[in-house]
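Asker: Fold the stuff below for me.
(chains A and B)
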There are 2 protein chains.
Amino acid sequence: MFNWNEETNASRESILQRPAIAMGADIKSATQIIIDQVKDKGDEALLQLAKKFDNVYELELMVSMNDIDQAQEKLSPELKSAIECAYDNIVAFHTMQQPKDIKLETIPGVLCELKYQAIEAVGIYVPGGSAPLPSSVLMQGVLAQLSGAKTVVLATPVKNTETLNPAILYAAKLCGIKTILKSGGAGAIAALAFGTQSVPAVNKIFGPGNAFVTMAKQLVSSQVPGLAIDMPAGPSEVLIIADKRANPDFIAADLLSQAEHGKDSQVILISNASEIIEKTQLALAQQLKTLSRAEIAMAALDNSAYILVDTITQAFEVSAIYGPEHLILQLANCDDYLPLIKNAGSVFVGDYSPESAGDYASGTNHVLPTYGYSKVYSSLNLLDFYRTYTVQTITKQGLTDLSSAILPIAAAEGLDAHAHAVSIRLEKEVC
Amino acid sequence: MFNWNEETNASRESILQRPAIAMGADIKSATQIIIDQVKDKGDEALLQLAKKFDNVYELELMVSMNDIDQAQEKLSPELKSAIECAYDNIVAFHTMQQPKDIKLETIPGVLCELKYQAIEAVGIYVPGGSAPLPSSVLMQGVLAQLSGAKTVVLATPVKNTETLNPAILYAAKLCGIKTILKSGGAGAIAALAFGTQSVPAVNKIFGPGNAFVTMAKQLVSSQVPGLAIDMPAGPSEVLIIADKRANPDFIAADLLSQAEHGKDSQVILISNASEIIEKTQLALAQQLKTLSRAEIAMAALDNSAYILVDTITQAFEVSAIYGPEHLILQLANCDDYLPLIKNAGSVFVGDYSPESAGDYASGTNHVLPTYGYSKVYSSLNLLDFYRTYTVQTITKQGLTDLSSAILPIAAAEGLDAHAHAVSIRLEKEVC
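Answerer: Reported below is the predicted structural model:
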């Protein structure tokens, strides 16, 4: 436990320091080789990569519509209805985010519009890892569906088998996804970027992944003009602010639900009550025993930090410096403190709002900025699947009136032709 | 003149090909050296760079409040009121873009919110080049002002003089900017990214610039965790779609107002009437004679393309492939064609809507995606100065009801602790 007010500035910085992301030159060059293979050889390269990394031979790269349609038959009723409930809530909350075009006559005869256009072709990556991630399909696929994107490609790896998990397929089906590539890693990202015989190229690639996926997203977005990616990625993290009446068992459970994500997960607890920190540490030790992923969680806890502050207000200040992906508030009167929230990806308010609610089913998105990017990046939202453009429609009188603004600025900027494009229309030099 | 329907696919691609952006390893390493100097030595490095590149000695790096306040006295009444009119229109149109928080109870007891937070510290770069660019200050500064960003730093170079152009300073004053750094190029970008003794570090850097500025923005955004940049940059470009009743003099004037921006500017005319293309080419030759920047414009016209299509509908198809920064429509019945617009940054509708209206004063933003990025990037808008985050507040009953969605998905994903964080709160294993 650190006492924030007894630490030097340097040690405060080191307490909140995130572990460096391993993204060495070796990862970069290995990733580039895979990208080039897929760019050159398309499907053939994807099949070779599936053999090499995923131990899959004779792979059909694309999932058949039949497989998508029949996936639900392989699900338990509980899981099927859980996916449907999560889908409904995510749809409801993201439907509220539908953008509205804007129209304003700034001066008479000068009509300005801001219009939204769905990004035409989007790629959604869902990592394989140790378990299938249907939630990751929903959190991206619903948004693509609501935007009306013309082309939606889901890419996700298979491991040692040629079929995808039915929960993944059913989530995709609910989202109306018809194009599913059974391929993972840098190869899948390259396929989305350049297209192959089977895979259409997309304009924007979404989704989390390991270091190779992250590196591949960076590389293709800098190599393909007009290609965008969702946001920079880093390890998952949670910061909990708790006061003296908080329940240490709840806090420990939330810290562990973050810690089990991966050995590089970051968990931080800030409290103004040292006994809460101590009790949480005891609860952690106890709850750890019951977890199937205890080893991962324990490794992550090695990077954890427990910080004692003087006041809850100070806890929010420390949180703003860190900028957590997930911020959990277990406080007596949370509402009083909500205006203090800064630089968080998603916030969980009160004793009955665990992070796993937002991870799966409350309706908010679980794709969030990590690694301090919450100071400037947004949690994934429907607008990420749109672009805006502007339109102006000006009458002759409108241009005449506007010319007294345009012409002197064009002159000041030394741009004659800019002025001339106005004056030639007004059949006289206005200025 | 190319006849689109007589060209092969390969030659069509080459007609619409943009010139490669020169971003060699030499530019990258020279830029990195400058960045490192500013990171290490701060103000001292900026002063050295001003001597080396801008021929300025004994420079006060920051503009005094006195200089900002008194700038208007050095402006002609015409220019002063032109800047004010442009400012008012840009404010009006961007005020319409103010975001609204979203709140929805997805199921009873599960309240989800999406909230907007202004990015706290933003940097605005305004290039020096051959003339001062007050319009570039307004197009970025107004948005920073409307967002309520706490820190706004304007960086722009001086050349052979220690004072900034009064039009720049007055535009900054209207936007409420108090921190102005007299420094340009990669050094200024590094100062915004890392901060110096005089310059506060920012979270997001906006603004156009030459190859070194563009490279510096890319490098610092990949080197400073949590730092973002506005959008990828490329040469400016216009595409005009005109029918047989369009005025060739207006078309030529618009092509030239784009061409005078720089030798690498791209201008394209598409028409279904060959006589319009021919008459425009004659008009271009004539209007060129009168321009002070004729040499630049002529060089840019060397990259221009004149494309004959069968129908106006086909012209929109070609435009969507190219994805122009500016799209000008000089058509008899523009309104019929507006639904065909795709992949454009800003659109100018009808005979009296020249690009220079949007460049300066209509109210729309002139910072637009170039180089084909209009397929996926937005024109600069107020939301670029905000980030979103989500908040969920769940009651015990809400969590109980939601648990039937959370627990089966957590089980399917093999994440015990996620499930446990729910069940421990409900004091029983729900699933």
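
Asker: Sketch out the low-pLDDT regions of chain A for me.
Answerer: Along chain A, the parts satisfying pLDDT under 70 run over A:22, A:428-431.

Asker: Output the longest helix belonging to it.
Answerer: helix A:77-95 (DSSP state H).

Asker: Now the element after it, going C-ward?
Answerer: strand A:102-107 (DSSP states H and E).

Asker: and that next one, what does it pack onto?
Answerer: Secondary-structure packing of strand A:102-107 (3 or more C-beta pairs under 8 Å, 6 or more residues apart in numbering or on different chains; DSSP states H and E): strand A:110-118, helix A:396-412, helix B:77-95. The way it works is simple: take the backbone N, C-alpha and C, and place the C-beta from them, glycine included.

Asker: Make JSON lines from those and add mean neighbour count to it.
Answerer: Output for the helices and strands packed on strand A:102-107, formatted as JSON lines (neighbours: other C-beta atoms under 10 Å in any protein chain shown):
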{"stretch": "strand A:110-118", "mean neighbour count": "21"}
{"stretch": "helix A:396-412", "mean neighbour count": "22"}
{"stretch": "helix B:77-95", "mean neighbour count": "21"}
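
Asker: From the centroid of chain A, which residue is nearest?
Answerer: residue A:367 (3.2 Å; C-alpha atoms, centre = their mean).

Asker: secondary structure class for that residue?
Answerer: Assigned with DSSP: H, G, I helix; E, B strand; the rest coil, residue A:367 falls in the coil class.

Asker: Now it: closest residue in space, sequence neighbours ignored.
Answerer: residue A:380 (3.7 Å; C-beta to C-beta, 6 or more residues apart in numbering or on different chains).

Asker: Quick one: closest of the helices and strands packed on strand A:102-107 to residue B:290.
Answerer: Closest to residue B:290 of the helices and strands packed on strand A:102-107, according to C-beta to C-beta: helix A:396-412, at 14.0 Å.

Asker: And the next helix or strand past the closest one?
Answerer: Downstream of helix A:396-412, the first helix or strand assigned by DSSP H and E is helix A:416-423.

Asker: does that next one come close to chain B?
Answerer: Yes - judged by C-beta under 8 Å from any C-beta of the partner chain, helix A:416-423 and chain B are in contact via A:416, A:417, A:418, A:419, A:420, A:421, A:422.

Asker: What of stretch A:78-90?
Answerer: Yes - against chain B, stretch A:78-90 shows contacts by C-beta under 8 Å from any C-beta at A:78, A:79, A:81, A:82, A:83, A:85, A:86, A:88, A:89.

Asker: of the residues you listed, closest to residue A:348?
Answerer: For these, the nearest to residue A:348 is residue A:89 (15.2 Å; C-beta to C-beta).

Asker: Identify the residues contacting the closest one.
Answerer: Residue A:89 makes contacts with A:361, A:362, A:363, B:106, B:107, B:110, B:112, B:405, as judged by C-beta atoms under 8 Å, 6 or more residues apart in numbering or on different chains.

Asker: Mind telling me the two of the residues you listed farthest from one another?
Answerer: Farthest pair in the contacts of residue A:89, by C-beta to C-beta: B:112 and B:405, 13.7 Å.
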